[in-house]
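everything below, folded, please.
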Amino acid sequence: MSISITATLPLAAAADAKIVMFKQPANREEHFAILVLKIRPPKSPLGATAPQCVTGDILGGPEM
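Numbering: from 1, shown residues only. Predicted structure coming up:
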């Protein structure tokens with residue numbers, strides 16, 4: 001995989017977070033990672049987001 005782009009992604013619990021987009025050379029699929037170096041303890045429980053929600057709802061792309 002190769003890195004396509006990296007951007008700062010300030011989050012409420014992690015002001016220094018970054019988002020990194022990767023592209024697979026074989027099939028050109030894109031993946032992303034959110035990097036958090038320091039995190040403040042949350043005031044409420046954390047939850048998981050399904051990949052389809054991230055693609056469709058958060059990033060505005062087509063839903064899978």
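
neighbours of the closest residue in space to Ala14 that isn't next to it in sequence, how many?
Taking CB to CB, 6 or more residues apart in numbering, and ignoring the residues beside it in sequence, Ala14 has Val36 as its nearest neighbour in space, at 4.3 Å. Just so you know, the C-beta spots here come from the backbone N, C-alpha and C atoms, and that holds for glycine as well. Applying the criterion other CB atoms under 10 Å, we find 14 residues in the vicinity of Val36.

do Lys38 as well
Other residues within reach of Lys38 by the criterion other CB under 10 Å amount to 9.

ok, Gln24 touching Met1?
Yes: with contact defined as CB atoms under 8 Å, Gln24 counts as touching Met1 (5.5 Å).

which residues do these two both contact?
His31 (CB atoms under 8 Å, 6 or more residues apart in numbering).

and stretch 14-26, what's buried?
14, 17 (16 or more other CB atoms under 10 Å).

so what's Ala33 up against?
When contacts are taken as CB under 8 Å, 6+ apart, Ala33 is in contact with 19-20, 22.

what about 10 Å?
For Ala33, the set of contacting residues under the criterion of CB atoms under 10 Å, 6 or more residues apart in numbering consists of 3, 6, 18-22.

farthest-apart pair in those, please.
Within the contacts of Ala33, two members stand farthest from each other by CB to CB: Lys18 and Phe22, at 12.9 Å.

in strands, which of the contacts of Ala33 appear?
Secondary-structure check on these using DSSP state E: residues within strands are 3, 6, 18-22.

make a markdown table from the residues you listed and add pLDDT and distance to Arg28 to it.
A markdown table is the format used below for the ones in strands among the contacts of Ala33 (pLDDT from 0 to 100; distance: CB to CB, whole Å):
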| residue | pLDDT | distance to Arg28 |
| --- | --- | --- |
| Ile3 | 87 | 14 |
| Thr6 | 93 | 19 |
| Lys18 | 93 | 23 |
| Ile19 | 91 | 19 |
| Val20 | 91 | 17 |
| Met21 | 91 | 12 |
| Phe22 | 88 | 11 |
